[in-house]
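S.K.: I'll drop the sequence and a predicted model, then ask my questions.
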Amino acid sequence: MQPFLDSTDALDNGAELRRRMQQDGYLFIRGLVPASALEALRLHMLERARASGWVQEGTPLPDAIADLRGFSLEPEPAYMNVYHTMYVSPEFHALQHHPHLLQFFAHLLNGPVLPHPRLIGRIIFPQKEVFTSPAHQDFIPIQGTPDTYTAWIPLAALPPEMGGLEVAEGSHQQGVYEFQPALGAGGLEITEPFEGKWRGGPFAQGDALFFHSLTPHRGAPNSSQSLRLSLDARYQHADQPIAPGSLQPHNPSSTWEEIYSDWPASADWLKYYWKQWDLDIKPYDNRYHDQRDQLAIELGQQGDVRAYSTLQRIVTRGSDPAKKQLATELLAKLDAKL
């Protein structure tokens, strides 16, 4: 695998950033976010992780040594309940508004920058490689304008054993690829292998990876002993369409009123900040998830464990009672195989 192209040299050159993004579908910038800000948030999240049984007692908190007895993953209730304790803190939501990130996107977008309220945290347990996120495109869950960009920001340095994120260079100009159900975040994977196009490498604390919503990307396995924490922050030009889900919390069972309820007055500037724009809200197109769900049900009926993550999403986030009941029954049969 080839390393990322380092675009730190073009940080203040909007035209060059746009050229490279259009050509490669990603930008890798070193040292963009101050390590002190990332470390403060990481420790804040780890405190809640240890209180919930995700970090081994008696080990130094900064080491983030995972207690595998607490293993769970999105969208399981056990995971979402712990994640909620992190998500409700203003410190979590403030990071995507860091001036360095906003300035970067002002150069890239050449216009008003809208950070999506639906900020996503990723807490990845080690030694659970089977659930490593497969190749996928963010456009399917995000929608709105295709010209939405993900900022993937690890909260700590990532040596090779902790994995990270990899992108398929230059593969973002072919629309939405064919996909199938798979284990891991999103519950689907692209069937195209993108041979010779994958780019990756280690991250220092403060490095950030940015990519277009149609850029295929995948996780790298976490084979260490520690939890891997990162943020998925999405940004777009404020004049472009946005899907309604991108204005909601990441956990569908939460509301902004609940999340904001205990925030201090000093965090008022973060509340409903997106309402300063007259946004073009574009209805969500469900066809991709409908297709994924149908394929997962068919695989589940065949006893194929690749259906597991999608079936979990049907159970926890679906709206069709009959489909949810069928997915529950299929999950019970697949549990013994994982």
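M.R.: Now that the structure is in, tell me what you want to look at. From a predicted model like this one, the values you see are computed outputs, not experimental measurements.

S.K.: only C-alpha atoms for contact and neighbour calcs from this point on.
M.R.: Fine.

S.K.: start and end of stretch 27-44, how far apart?
M.R.: Criterion Cα to Cα, to the nearest Å; first-to-last residue distance in stretch 27-44 is 28 Å.

S.K.: would you mark the buried spots in that stretch?
M.R.: With burial defined by 16 or more other Cα atoms under 10 Å, the residues of stretch 27-44 counted as buried are 27-30, 32-33, 35, 38-39, 41-43.

S.K.: please enumerate residues in contact with it?
M.R.: 4-8, 11, 17, 20-21, 61-62, 86, 91-92, 95, 98, 100-101, 155-156, 204-211, 229 (Cα atoms under 8 Å, 6 or more residues apart in numbering).

S.K.: which of those residues fall in helices?
M.R.: Among the contacts of stretch 27-44, the residues falling in helices (DSSP state H) are 17, 20-21, 86, 91-92, 100-101.

S.K.: pLDDT, neighbour count and distance to H116 for these - can I get that in TSV?
M.R.: Rendered in TSV, the data for those read as follows (pLDDT from 0 to 100; neighbours: other Cα atoms under 10 Å; distance: Cα to Cα, whole Å):
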residue	pLDDT	neighbour count	distance to H116
L17	98	23	21
R20	98	17	23
M21	98	21	20
M86	97	21	18
E91	96	17	16
F92	97	19	14
H100	98	13	16
L101	98	18	13
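
S.K.: now do the helices in the stretch 201-338 of the chain.
M.R.: Ranges of helices in the stretch 201-338 of the chain, per DSSP state H, counting those that start in this stretch, are 256-260, 287-301, 308-317, 321-334.

S.K.: make CSV out of the ones you listed and add mean neighbour count, distance to F71 and mean pLDDT.
M.R.: Conversion of the helices of the stretch 201-338 of the chain to CSV gives the following (neighbours: other Cα atoms under 10 Å; distance: least, Cα to Cα, whole Å; pLDDT from 0 to 100):
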stretch, mean neighbour count, distance to F71, mean pLDDT
helix 256-260, 14, 25, 97
helix 287-301, 18, 23, 95
helix 308-317, 22, 15, 94
helix 321-334, 16, 18, 94
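
S.K.: and the ones you listed: which comes nearest S223?
M.R.: Closest approach to S223 among the helices of the stretch 201-338 of the chain is made by helix 308-317 (20.6 Å; Cα to Cα).

S.K.: just the C-alphas of that closest one, formatted as PDB.
M.R.: Taking only C-alpha atoms (Å, rounded to 0.1, in the frame of the first residue of the first chain), the coordinates of helix 308-317 have been written out as PDB:
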ATOM      1  CA  TYR A 308     -25.400  -9.300  11.200                       C
ATOM      2  CA  SER A 309     -24.500  -5.600  11.300                       C
ATOM      3  CA  THR A 310     -27.300  -4.600   8.900                       C
ATOM      4  CA  LEU A 311     -29.900  -6.700  10.900                       C
ATOM      5  CA  GLN A 312     -28.800  -4.900  14.000                       C
ATOM      6  CA  ARG A 313     -29.500  -1.500  12.300                       C
ATOM      7  CA  ILE A 314     -32.900  -2.700  11.200                       C
ATOM      8  CA  VAL A 315     -33.800  -3.700  14.800                       C
ATOM      9  CA  THR A 316     -32.500  -0.600  16.500                       C
ATOM     10  CA  ARG A 317     -33.300   2.100  13.900                       C
END
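
S.K.: pull the distance from that helix to the chain's centre.
M.R.: 17 Å (Cα atoms, centre = their mean, to the nearest Å).

S.K.: same question, stretch 221-237
M.R.: With Cα atoms, centre = their mean as the basis, stretch 221-237 stands 7 Å off its chain's centre.

S.K.: just the buried residues of that stretch, please?
M.R.: By neighbour count on 16+ other Cα under 10 Å, the buried set for stretch 221-237 is 221-222, 224-237.

S.K.: those residues: which two are farthest apart?
M.R.: Going by Cα to Cα, the pair spanning the buried residues of stretch 221-237 furthest: Q225 and H237, at 39.2 Å.

S.K.: list the contacts of stretch 221-235.
M.R.: Defining contact as Cα under 8 Å, 6+ apart, one finds that stretch 221-235 is touched by 42, 55, 63-66, 96, 105, 113-116, 118-129, 132, 148-156, 161-164.

S.K.: list only those of these flagged as buried.
M.R.: 42, 55, 64-66, 96, 105, 113-116, 118-127, 132, 148-156, 162-164.

S.K.: tell me which of those residues fall in helices.
M.R.: Using DSSP H, the members of the buried ones among the contacts of stretch 221-235 that fall within helices are 42, 105.

S.K.: that older thread, among the contacts of stretch 27-44, which are located in strands?
M.R.: Helix and strand membership here follows DSSP state E; of those, those in strands are 208-211, 229.

S.K.: need the contact list for L17.
M.R.: So, once contact is read as Cα under 8 Å, 6+ apart, L17 ends up touching 7, 10-11, 27, 107-108.

S.K.: and L214, by the same measure?
M.R.: Taking Cα under 8 Å, 6+ apart as the definition of contact, the neighbours of L214 are 137-139, 146, 171-173, 175-176.

S.K.: residue contacts, the spatially closest residue to S226 that is not a sequence neighbour?
M.R.: Closest residue in space to S226, ignoring its immediate chain neighbours: I65 at 4.3 Å, by Cα to Cα, 6 or more residues apart in numbering. With contacts defined as Cα under 8 Å, 6+ apart, I65 is in contact with 55-56, 59, 225-227.
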